[in-house]
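Asker: no FASTA, just this:
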């Protein structure tokens, strides 16, 4: 089911991005092919063979906002002064390069990112009057901004997921090894006996020596140490064993619901996985979350157990079981 949720979210993101890109194309949000008129102050001539000038593009904030239909809140200054390089090509055409810096308007930064993640914007110069210090140019074409952002984010987060997964190998191997050694040494059996009074109260329908009890204890122990991935196989095994005690296979019993509540609430003593993630991402104090994790998980587990025990006692659910038992007796009779 979770796979369907993820693929649905991914498709929604893609369709939304495509829709926004189509809207940008129709409304020409990035003013592709529309000339911009600005002042150009020459600061220095770089070469004499093929003229190239270092200079500044000067454009008022009002003109910028009007041209790109942006809000005044996006610009912190009343005038844009952007460093630029004007170059004359061998063909005689002139090109304008606008390096991206902290002073660059956010909208131009977005355009540069969409144009390939470059550290500059390029433009074709239509005309340049050095005497009047006026330049007219058209920015490079910017298209499919949102879908490019979605694709880039997917790749970046995929790389992050692999990095985090690799950083978890050591912690997972350590605790899985400890649990395997404990199981071989008979600690599982000992642990089962120690917690037997608790399991009898939580799962009165499950025999004390049933294999489901051992699987549930291993699952809960793994969750308590924050080893969620290690707990998953034992959780599946526990559900499989509990289903063998189920008079109606495929329907959740009281024991199944109680175990699911404990498993989902994530009763934790040492959140090893989260600590490993924080350490892998460079946290200064990865273990600072231990106290709050214990308190939060204890509250969630307590609330969940109270809720599941109350629901189990409601006549509505008891009535269903009684009706099924009576039907079974009628058939047997």
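Answerer: Good, I have the coordinates. Here the structure is a predicted model, which means the values were calculated and not measured.

Asker: for residue 225, which non-adjacent residue is spatially closest?
Answerer: residue 270 (5.1 Å; Cβ to Cβ, 6 or more residues apart in numbering). C-betas here are computed from N, CA, C, even on glycine.

Asker: from residue 163, how far off is that neighbour?
Answerer: 23 Å (Cβ to Cβ, to the nearest Å).

Asker: who has more neighbours out of the two?
Answerer: A direct count of neighbours by other Cβ atoms under 10 Å for residue 270 and residue 163 places residue 270 higher, at 16 against 12.

Asker: on the three-state scheme, the more buried one is what?
Answerer: With DSSP: H, G, I helix; E, B strand; the rest coil as the basis, residue 270 sits in coil.

Asker: mind listing what the longest strand belonging to the chain pairs with, with the direction of each?
Answerer: Ranked by number of residues, the top strand in the chain under DSSP state E is strand 36-47. Sheet pairing of strand 36-47 (DSSP bridges) gives strand 52-60 (antiparallel), strand 134-139 (antiparallel).

Asker: mind putting these in JSON lines, mean neighbour count included?
Answerer: Output for those, formatted as JSON lines (neighbours: other Cβ atoms under 10 Å):
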{"stretch": "strand 52-60", "mean neighbour count": "18"}
{"stretch": "strand 134-139", "mean neighbour count": "19"}
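
Asker: touching stretch 197-208 from outside, list them.
Answerer: With Cβ atoms under 8 Å, 6 or more residues apart in numbering as the test, stretch 197-208 has contacts from 192, 196, 212-213, 216-217, 242, 245, 253-255, 258-259, 262, 305.

Asker: go again with 10 Å.
Answerer: If you take Cβ atoms under 10 Å, 6 or more residues apart in numbering as the criterion, stretch 197-208 is touched by 192-193, 195-196, 210, 212-213, 216-217, 220, 238, 241-242, 245-246, 253-256, 258-259, 261-262, 305, 308-309.

Asker: next: stretch 14-34.
Answerer: For stretch 14-34, contacts defined as Cβ under 10 Å, 6+ apart pick out 67-70, 107-108, 110-111, 114-115, 124, 138-151, 154.

Asker: and if we set it to 7 Å?
Answerer: Residues outside stretch 14-34 that contact it (Cβ atoms under 7 Å, 6 or more residues apart in numbering): 67-68, 111, 138, 141-147, 150.

Asker: how about stretch 94-111?
Answerer: Against stretch 94-111 from outside (Cβ under 7 Å, 6+ apart): 30, 57, 64, 68, 70, 74-75, 80, 82-89, 112, 119-125, 128, 137, 139, 142.

Asker: list buried residues within those residues.
Answerer: By neighbour count, with 16 or more other Cβ atoms under 10 Å, the contacts of stretch 94-111 hold 30, 57, 64, 68, 70, 75, 80, 82-84, 86-88, 112, 120-121, 123, 125, 128, 137, 139, 142 as buried.

Asker: one step back: highest neighbour count among the contacts of stretch 14-34?
Answerer: That'd be residue 111 among those, by other Cβ under 10 Å, with 25 neighbours.

Asker: scan this protein for its longest helix.
Answerer: Longest helix in the chain by number of residues (criterion: DSSP state H): helix 145-184.

Asker: residue 232 versus residue 181, what's the distance?
Answerer: 20 Å.

Asker: sorry, slip of the keys, the one I care about is residue 16.
Answerer: Residue 16 sits 32 Å away from residue 232, going by Cβ to Cβ.

Asker: residue ranges in the stretch 151-300 of the chain under the pLDDT threshold?
Answerer: 167-168, 171-172, 174-176, 178-179, 182-183, 188-189, 192, 226-230, 250 (pLDDT under 70).

Asker: show me the helices in it, by range?
Answerer: 187-194, 196-202, 211-224, 228-244, 254-265, 272-280, 290-312 (DSSP state H, counting those that start in this stretch).

Asker: shouldn't residue 150 be in contact with residue 13?
Answerer: Yes - using Cβ atoms under 7 Å, residue 150 makes contact with residue 13 at a distance of 5.6 Å.

Asker: mutual contacts of the two, please.
Answerer: In contact with both residue 150 and residue 13: no residue, using Cβ under 7 Å, 6+ apart.

Asker: which strands or helices does the longest helix of the chain pack on?
Answerer: Using 3 or more Cβ pairs under 7 Å, 6 or more residues apart in numbering; DSSP states H and E as the contact test, the elements touching helix 145-184 are helix 2-27, helix 228-244, helix 272-280.
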